[in-house]
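Asks: test case, fold it:
(one chain, ligands or ions: 1)
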Amino acid sequence: MLLEVEGLCVNYGHIEAIRDISFGVEEGTIATLIGANGAGKTTTLKTLSGLRKVRAGTVKFEGKDITALPPYERVKLGISQSPEGRGIFPGMTVTENLDMGAYVRTDRKSAAYREDVERVFTLFPRMEERRTQVAGTMSGGEQQMLAIGRALMARPRLLLLDEPSMGLAPMLIQQIFGIITEINQQGTTVLLVEQNAAQALKRAHTAHILETGEIVRSGTGAELAGDDSVKAAYLGGDV
Ligand code: ATP
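Replies: A predicted model of the protein is given here:
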């Protein structure tokens, strides 16, 4: 397992946002956590990035206990997050935002670095067209793509994506999920947190349903997508 989460509990004061969750992410796969508003999806990802402290439990990356590591040390190990609500630097250009994503790297003058910028531009041709545009003036979908591109600039082994489809038009949602699958096929392991359960289950190798801070169901994406109670609760009865 690339990532192993065991008995994780996270609180905000007295509120138990995450209660005793355990799951693993196999190297090379897409795993997804789906759930309604307030289920604890963002809290889980923030905890994996090192932005929230755990009350109990452990997080292991490649077998190493990283529960107490600060965020930048996790980025160095290969864990990179594209946050909910995009979180790009609005006053900087597209290129400057991509450079910020690579802040832990020491090879910014190298050919490998330029190749990674090219890789982001190949995945997101719109970013290349807009390389000198100030990020805050881009559309919501473009900002979402930039946020994912920026996370890729750290060369992650594990990419954490918080609701990449949020607020996007249906066509753009298809496109973003297609790109996520492509990123995975190029060798990056992905943990995807989503309210768009239909798309997430379609793309994911493994899936977990989070309800009020607890994992209530786990299976392959296809198993959960085909399950009647999952369909009724998360897929609007269709799919
Ligand atoms: P959404 O899809 O709406 O973003 P989510 O599944 O990502 O929801 P979280 O944002 O992780 O859910 O929230 C989990 C629980 O923790 C919720 O009950 C929420 O109100 C609470 N919570 C989140 N952030 C804070 C905070 N800073 N202070 C207090 N409670 C918080």
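
Asks: would you mind listing what in this protein touches the ligand?
Replies: 12, 15, 17, 35, 37-43, 195 (CB under 6 Å from any ligand atom). Heads up, the C-betas are built off the backbone N, CA and C, glycines and all.

Asks: now the residues you listed in TSV, with distance to Val230 and pLDDT?
Replies: As requested, the residues of the chain next to the ligand are exported to TSV (distance: CB to CB, whole Å; pLDDT from 0 to 100):
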residue	distance to Val230	pLDDT
Tyr12	28	96
Ile15	26	94
Ala17	23	97
Gly35	11	93
Asn37	17	89
Gly38	19	92
Ala39	14	94
Gly40	18	96
Lys41	16	95
Thr42	21	93
Thr43	22	96
Gln195	14	88
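
Asks: which ChimeraX command selects the buried ones in those?
Replies: Entered in ChimeraX, the line below selects the buried ones among the residues of the chain next to the ligand, by 16 or more other CB atoms under 10 Å:
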select :17,35,39,40,41,42,43,195
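
Asks: quick one: which of the residues of the chain next to the ligand sit in helices?
Replies: For the residues of the chain next to the ligand, the ones inside helices are 41-43, with DSSP state H as the criterion.

Asks: any chance of a markdown table for the residues of the chain next to the ligand, columns distance to Asp65?
Replies: As requested, these are exported to a markdown table (distance: CB to CB, whole Å):
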| residue | distance to Asp65 |
| --- | --- |
| Tyr12 | 24 |
| Ile15 | 26 |
| Ala17 | 22 |
| Gly35 | 26 |
| Asn37 | 32 |
| Gly38 | 29 |
| Ala39 | 26 |
| Gly40 | 22 |
| Lys41 | 23 |
| Thr42 | 23 |
| Thr43 | 20 |
| Gln195 | 31 |
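
Asks: which one of the residues of the chain next to the ligand is nearest Ala207?
Replies: Ala207 lies nearest to Gly35 out of the residues of the chain next to the ligand, by CB to CB, at 10.6 Å.
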